[in-house]
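Peer 1: return a 3D structure for these sequence lines:
(one chain, ligands or ions: 3)
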Amino acid sequence: MNTIKSYVETHKNRFIDELIELLKIPSISADPAYTQDVIDTSTAIKNSLEKAGCDHVEICETPGYPIVYGHKHISDHLPTVLVYGHYDVQPPDPLDLWESGPFEPIIKKTEIHPEGAIFARGACDDKGQMYMHVKALELMNATGQLPCNVKFMIEGEEEVGSESLAWFVERNQEKLANDVILISDTGMISNTQPSITTGLRGLSYVEVEVTGPNRDLHSGLYGGAVANPINILTKMIASLHDENNRITIPGFYDKVEELSTEERAEMAKAPFSLEEYKRALDIDAVYGEAGYSTNERNSIRPTLDVNGIWGGYTGEGAKTVIASKAYAKISMRLVPNQNWKEITELFKNHFESIAPAGVKVKVKPHHGGQGYVTPIDNIGYQAASKAYEDTFGVTPIPQRSGGSIPIVALFEKELKSKTILMGFGLNSDAIHSPNEHFGIFNYLKGIETIPLFYKYFTELSK
Ligand code: BES
Ligand code: MN
Ligand code: MN
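Peer 2: Numbers count the residues shown, from 1 in each chain. Ligands and ions are numbered 1, 2, ... in the order given. Take a look at the predicted model:
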């Protein structure tokens, strides 16, 4: 056994126990009730980076949650890897759908994870995946095989838009100077077919409000005679897609990058079973834009989805009422070349223009960000590919993901470096859902694969 494998084998129980401790802290960035827990998590990360062998670790204050920064410098003549991750997590609700407490981590075996998986909010997204990097640093230090300089930047606001991180990156270009950015906050195809994420979608998130009469009305006395904001809102939302499930906002597709037939054929080679996909979700058919496959619809095509809609009476029994207001939260996933601010503007103008007389419409933009594509002809990608090949025995497939990490495009703009997305999660790990989990196999494989990325990246940089 090589030194990496044997170190992981010797210390794996401690690696798991340490992650479990981290998962017990409810670092929910979206909910102010958990402010102290989010801050406590940053301290825990700082301590773990110090123990793993960083020369210097600090908690960097920002207008929002702190950023943990650490580094180990070996030589000015060696490359520098910047590791990014996030220690905040999504709210765990709905709580009644969890089989165990979201912040009481337990290990259970599943069909996909026969060696067990850790169930807890943040297990995969992103505490578990971020902590693999801390343990990989410990391993490289302890076994004397850290081949280059390393910097860590772990934030606490990813799940709410990374506003403070953008502020921090813009002010600290020199401190964060690097040759490549390494992130584990995405997934791979399966435990037998690894993949490297080469694309992330952009995002525009908006909230809309439709106001009709100035107060809630008796639906008998006024029904039929005034615009009902809920009827109107649902009609307006329905009109945002046409019969081919294409988005009807004028100009929405203008800048969308169209892939060549060759590129699409290459994408289609990735192993995928539509039958299994439907079975896993209990659906009898998939649904989406005409002319594109399921994997294209969820990666290279833009989308518009209602994430939440409310208004009127939703309590027990029946109340006859026409609400004064109706609301919805809408996300648009964007693809390369679509500018999220431009799309937000197009949405706002269009949505306001389709409002009929009798209602007022307000569009409130939330956060957003640009998409990202990693080219596969750079040494970062090649180093990652060789690393996975060594530990999985199979060449990883490049694959674009449908998810978003908006800060990655900003890294490229401000720090001028490419990001390599070495994810070890699986789509079935239920991130953002009840019963989120992370396979023990995946966690340990990640710790084993990351040091090889450093090794190959340093070699290829020469
Ligand atoms: N780690 C995810 C993004 C992700 C997951 C990308 C799996 C690819 C594969 C990240 O934490 C996340 O949830 N991002 C948000 C966007 C953010 C602005 C709230 C998302 O994609 O909804
Ligand atoms: Mn994440
Ligand atoms: Mn997330």
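Peer 1: from now on I want contacts and neighbour counts done on CA atoms only, so please keep to that.
Peer 2: OK.
Peer 1: give me the distance between stretch 161-177 and the centre of its chain.
Peer 2: Centre-to-centre, stretch 161-177 and its host chain are 19 Å apart (C-alpha atoms, centre = their mean, to the nearest Å).
Peer 1: correction: the previous question concerned stretch 108-126.
Peer 2: Between the centre of stretch 108-126 and the centre of its host chain there is 17 Å, according to C-alpha atoms, centre = their mean.
Peer 1: is that stretch positioned near ligand 1?
Peer 2: Yes - with C-alpha under 6 Å from any ligand atom as the threshold, stretch 108-126 lies in contact with ligand 1, specifically through residue 125.
Peer 1: can you check stretch 146-164 too?
Peer 2: Yes - if you take C-alpha under 6 Å from any ligand atom as the test, stretch 146-164 does meet ligand 1, through 159-161.
Peer 1: for those residues, which single residue is the most surrounded?
Peer 2: For those, neighbours were counted using other C-alpha atoms under 10 Å, and residue 159 has the most, 20 neighbours in all.
Peer 1: what sits against that residue?
Peer 2: 29-30, 88-90 (C-alpha atoms under 8 Å, 6 or more residues apart in numbering).
Peer 1: how about it, secondary structure?
Peer 2: Using DSSP: H, G, I helix; E, B strand; the rest coil, the structure places residue 159 in helix.
Peer 1: what residues are up against residue 24?
Peer 2: 103-105.
Peer 1: do residue 226 as well
Peer 2: Remark: with contacts taken as C-alpha under 8 Å, 6+ apart, residue 226 is in contact with 212-213, 358.
Peer 1: got the domain ranges for the protein?
Peer 2: Dividing the chain into domains by automatic domain parsing, as the record does, gives the ranges 2-200+371-460, 202-256+302-369.
Peer 1: show the end-to-end separation of the first one, please.
Peer 2: I take that to be domain 2-200+371-460. Across its full length, domain 2-200+371-460 reaches 21 Å end to end, with C-alpha to C-alpha, to the nearest Å as the criterion.
Peer 1: check the shortest one too.
Peer 2: Taking C-alpha to C-alpha, domain 202-256+302-369 runs 5 Å from one end to the other.
Peer 1: pLDDT of it, averaged?
Peer 2: Domain 202-256+302-369 carries an average pLDDT of 97.
Peer 1: distance from the chain centre to it, please.
Peer 2: With C-alpha atoms, centre = their mean as the basis, domain 202-256+302-369 stands 25 Å off its chain's centre.
Peer 1: one more: stretch 96-112?
Peer 2: Using C-alpha atoms, centre = their mean, the mean C-alpha position of stretch 96-112 is found 21 Å from that of the whole chain.
Peer 1: run through who's touching that stretch.
Peer 2: Here stretch 96-112 makes contact (C-alpha under 8 Å, 6+ apart) with 20, 23-26, 92, 95, 115-121, 434-435.
Peer 1: can we see that at 7 Å?
Peer 2: Residues outside stretch 96-112 that contact it (C-alpha atoms under 7 Å, 6 or more residues apart in numbering): 20, 23-26, 92, 115-121, 434-435.
Peer 1: quick one: which of those sit in strands?
Peer 2: Residues from these lying in strands, with DSSP state E as the criterion: 117-119.
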